[in-house]
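Sequence first, then the predicted structure, then my questions.
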Amino acid sequence: GAGVSQSPSNKVTEKGKDVELRCDPISGHTALYWYRQSLGQGLEFLIYFQGNSAPDKSGLPSDRFSAERTGGSVSTLTIQRTQQEDSAVYLCASSLRTSHEQYFGPGTRLTVT
Amino acid sequence: GDSVTQMEGPVTLSEEAFLTINCTYTATGYPSLFWYVQYPGEGLQLLLKATKADDKGSNKGFEATYRKETTSFHLEKGSVQVSDSAVYFCALSLNTGGFKTIFGAGTRLFVKA
């Protein structure tokens, strides 16, 4: 079946602009995660959605970052007034509620010039 | 706080050599432990997992044993192949109302023919 998909695959934006990154999880997966992977670094947790519960936003680095998940499926990560340090690969993953195993999308490579 | 520490890379081995990538963790409670792998140009995928102490996860010739007494989950393979060249991430997951996962920084493995 279809895996996790993300769009766009690459995004180049100017400093100060807003960007939206999209994630389509695997059908039936109620949990959805966003991570950031900077060059040569590990994965930094950003935010976690589980069904209709309030999301765990503890990893968002600043109030310029926000995310929503509509209808318990597609999620959008928004970065306002982008800065050069926001340049990274943004990864989305989904999982079944009862399973810890996460399935990752291919990521969106964001470059802020 | 909860954390994962894994050996720094890159690790360079010749084909058929023995591989060990060390991973230790700090966690409150009883986490599940994972190894994820990221092949060049691909997304992260689960390699193996263990959900309780003394469990051994295995897949594709790789093994790791959940050692509660040493808080470790070292990855091993008896004979590596060129196709094993990738970045390996150790991770833990805690059920704290959701399955928040914490990743190590990753270890890059190069296998030479």
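Happy to help now that I have it.

What part of chain B, helix or strand, is modelled with the least confidence?
When each helix and strand of chain B is scored by mean pLDDT, DSSP states H and E, strand B:99-103 comes last, with a mean of 80.

Adjacent strands (with direction) for it?
strand B:86-95 (antiparallel) (DSSP bridges).

who's in contact with the partner strand?
Strand B:86-95 is touched from outside by A:42-43, A:100, B:2, B:4, B:6, B:9, B:21, B:23, B:25, B:27-29, B:31-40, B:44, B:47, B:73, B:75, B:99-104, B:106-109, with contacts defined as CB atoms under 8 Å, 6 or more residues apart in numbering or on different chains. For glycine as for every other residue, the C-beta is placed from the backbone atoms N, C-alpha and C.

which among the residues you listed end up buried?
Buried members of these, counted by 16 or more other CB atoms under 10 Å in any protein chain shown: A:42-43, A:100, B:4, B:6, B:9, B:21, B:23, B:25, B:27, B:31-38, B:44, B:47, B:73, B:75, B:99-104, B:106-107, B:109.

need the contact list for residue B:25.
Here residue B:25 is in contact with B:2-5, B:31, B:33, B:71-73, B:90, B:92 (CB under 8 Å, 6+ apart).

And the next helix or strand past the least confident helix or strand of chain B?
Next helix or strand after strand B:99-103 toward the C-terminus (DSSP states H and E): strand B:107-112.

Would you mind naming what in chain A lies close to chain B?
A:4, A:31, A:33, A:35, A:41-43, A:45, A:48, A:50, A:53, A:56, A:91, A:93, A:95, A:100-107 (CB under 8 Å from any CB of the partner chain).

6 Å instead?
A:42-43, A:48, A:50, A:56, A:100-101, A:104, A:106 (CB under 6 Å from any CB of the partner chain).

Restricted to helices, list those.
Nothing among the residues of chain A next to chain B maps onto helices, per DSSP state H.

that older thread, and the contacts of residue B:25, which two are the farthest apart?
Greatest spatial distance among these (CB to CB): B:2 and B:72, at 15.1 Å.
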